[in-house]
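Asks: Provided below are the primary sequence and the corresponding predicted coordinates.
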Amino acid sequence: QVQLVESGGELVQPGGSLRLSCKVSGLPFSSYYMSWARRVPGKATEWVSGIDTDGGDIRYHVYVKGRFTASRDNAENTLYLQMNNLKPEDTARYYCAALKCSGPECHDTELDDYDYWGQGTQVTVSS
């Protein structure tokens, strides 16, 4: 049974930081391209960041580039998202997603392509 379990979301003040985690089980984690996405009620889910299987190629949405850092630990089957200088517009439910793809051409912002999703963790940025 495949499981992606996000954690780390909470209420934080503007300018603050959070670190999200996504623990993956039931699939060969090191063979999957991983992404973070977020959703605000009433809006489409938005791709945030993607990381290839060995962590050497990391991409970001322009809205978060320079503030967010994605990483992965293949030994621990865990994906991370370090979020710094948080803004109220970052408020959303954050999801991790797994795409069966390895190699240099896996970067994919089309969320419908992803094979597995977690349940999400809520991030609220407010004073």
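Replies: Arrived safely. Numbering: from 1, shown residues only.
Asks: per-residue confidence at P41?
Replies: Predicted confidence (pLDDT) for P41: 89.
Asks: in what helix or strand does it lie?
Replies: Using DSSP states H and E, P41 sits within no helix or strand.
Asks: roughly how far apart are it and T53?
Replies: Relative to T53, P41 is positioned 32 Å away (C-beta to C-beta, to the nearest Å). Glycine gets a C-beta too; all of them are placed from N, C-alpha and C.
Asks: how about the residue nearest to the spatial centre of the chain, secondary structure?
Replies: In the chain, the residue lying closest to the centroid (C-alpha atoms, centre = their mean) is W36, at 2.1 Å. Secondary structure, DSSP: H, G, I helix; E, B strand; the rest coil: W36 is strand.
Asks: that one contacts V48, correct?
Replies: Yes: with contact defined as C-beta atoms under 8 Å, W36 and V48 form a contacting pair (4.4 Å).
Asks: spell out which residues are contacts of both of the two.
Replies: Common contacts of W36 and V48 (C-beta atoms under 8 Å, 6 or more residues apart in numbering): 81, 94.
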